[in-house]
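Q: below are the sequence and a predicted model; questions follow.
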Amino acid sequence: MSQFLTQLGDAATAVEAFLAECLAEQQANGTPPRLAEALRHAVLAGGKRFRPFLVFESAKLFGVTREAALPAAAALECIHCYSLVHDDLPAMDNDELRRGRPTVWKAYDEWTAILVGDALQAFAFELISEPGRHEDAEVRAGLTHTLAVASGAIGMVGGQMLDLDAGRLPEQPAATIADIMRLQSMKTGCLITAACEMGAILGRATASDKAALKTYGEHLGSAFQISDDLLDAEGTAADVGKATGKDAAAGKATLIGLLGIPEAREHLDRSIDAATAALHAFGTKAEPLIEAARHMGRRGS
Ligand code: GRG
């Protein structure tokens, strides 16, 4: 197994243990039992935990321990899980399987899935704003603001809106490459970039180090999405937790649909190169993040 996959696995173990503890504590404090069970179904059922890995590794560049970065990493994963639970709903993607198990709405019902997503979103912000989780109010405010912007109307939610509108509203103009890249950078890229920025915030990084991590995150997000589309297009589900190739099968516009596989691969390689170049100033300390970017070129192979 590559060193990257080992480190990803370690990050997953740490964030899952922390989230399991948090959910148990919430249940002890009065979460209705059926909601508590559905929350565990949504959060503790696998997933690569790639975004928490990015928070840990970005923060580590500035000497921040994994323990100190856990609440921010878990908050990001809560937002990610909420987005998947809502995305699977009949009104959105209408998926019955996620991470090899029934989706939350299928295992429970639609109102539970909506409320699970709502509760996860609220809990994410509870985690990073609570004074007991980080001693520095400026860091707490920075984390909260960054996650809010990345997950809201000009980030993930906005990207989801563009995606659904493009497939459903009548008389939509054909999507261009620029349209698809904008949609994907909002829907998927913003959270990946936020993970890197949150690591920098935890590390009280200088403006130029923060900017470097943001640039890395943006190119990594683009590489992540292209590699995900390539996995779908090439019909591979070899990645851990990989969803089905539904998007391609559903005929949604993708970069690959417009560019073809060879050109999309070139695009992927350019994104990986740009992501790794952005970390130049960090030297060998950035090796785990560089390996994460390189992994995008190897997924499914
Ligand atoms: C419902 C507000 C709202 C947003 C949904 C991210 C998203 C927006 C929908 C997911 C649809 C999708 C399959 C996008 C492709 C890229 C992606 C985000 C894949 C899932 O992320 P992974 O691979 O999943 O990190 P795991 O299961 O490993 O956590």
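A: Perfect, thanks for sending it. Residues are numbered from 1 along each chain as shown.
Q: ok, now which ones touch V64?
A: G199, L202, G203 (CB atoms under 8 Å, 6 or more residues apart in numbering). C-betas here are computed from N, CA, C, even on glycine.
Q: which helix or strand contains it?
A: For V64, there is no host helix or strand (DSSP states H and E).
Q: for it, give its distance to the ligand.
A: Distance, V64 to the ligand, by CB to the nearest ligand atom, to the nearest Å: 23 Å.
Q: ok, F224 next?
A: Distance, F224 to the ligand, using CB to the nearest ligand atom: 7 Å.
Q: start the count at 11, not 1, going forward
A: In the new numbering, first residue 11, that becomes F234.
Q: state the helix or strand in which that residue lies.
A: F234 is located in helix 217-243, with elements delineated by DSSP H and E.
Q: name the nearest of the contacts of V74 relative to the ligand.
A: In terms of CB to the nearest ligand atom, no member of those lies closer to the ligand than G209, at 17.0 Å.
Q: what segments of this structure are strands?
A: In the chain, the strands defined using DSSP state E lie at 107-108, 111-112.
Q: how about the ones you listed, which one is nearest D98?
A: Of all the strands of the chain, strand 107-108 sits nearest to D98, with 5.6 Å by CB to CB.
Q: centre of the chain to the closest one, how far?
A: Distance, stretch centre to chain centre, for strand 107-108: 17 Å (CA atoms, centre = their mean, to the nearest Å).
Q: direction included, what does that strand pair up with?
A: Using DSSP bridges, strand 107-108 pairs in its sheet with strand 111-112 (antiparallel).
Q: just give me the neighbour total for S161.
A: For S161, the neighbour count with other CB atoms under 10 Å is 23.
Q: gap between it and the ligand?
A: On the measure of CB to the nearest ligand atom, S161 and the ligand end up 8 Å apart.
Q: so that residue touches C200, yeah?
A: Yes: applying CB atoms under 8 Å as the test, S161 and C200 come out as touching, 7.3 Å apart.
Q: residues from the stretch 11-160 of the chain in reach of the ligand?
A: When proximity is defined as CB under 6 Å from any ligand atom, the stretch 11-160 of the chain approaches the ligand at G57, K58, F60, H90, S93, L94, H96, D97, M102, R109.
Q: tell me the pLDDT of the first one.
A: pLDDT recorded at G57 is 93.
Q: tally of neighbours for it?
A: G57 is flanked by 21 other residues according to other CB under 10 Å.
Q: kindly report the same for the fourth one.
A: Residue crowding around H90 was assessed by other CB under 10 Å; the count is 24.
Q: check the second one too.
A: When neighbours are defined as other CB under 10 Å, K58 has 17 of them.
Q: would you confirm that it contacts A21?
A: No: between K58 and A21 there is no contact, the gap being 9.2 Å when judged by CB under 8 Å.
Q: cheers, nothing more for now.
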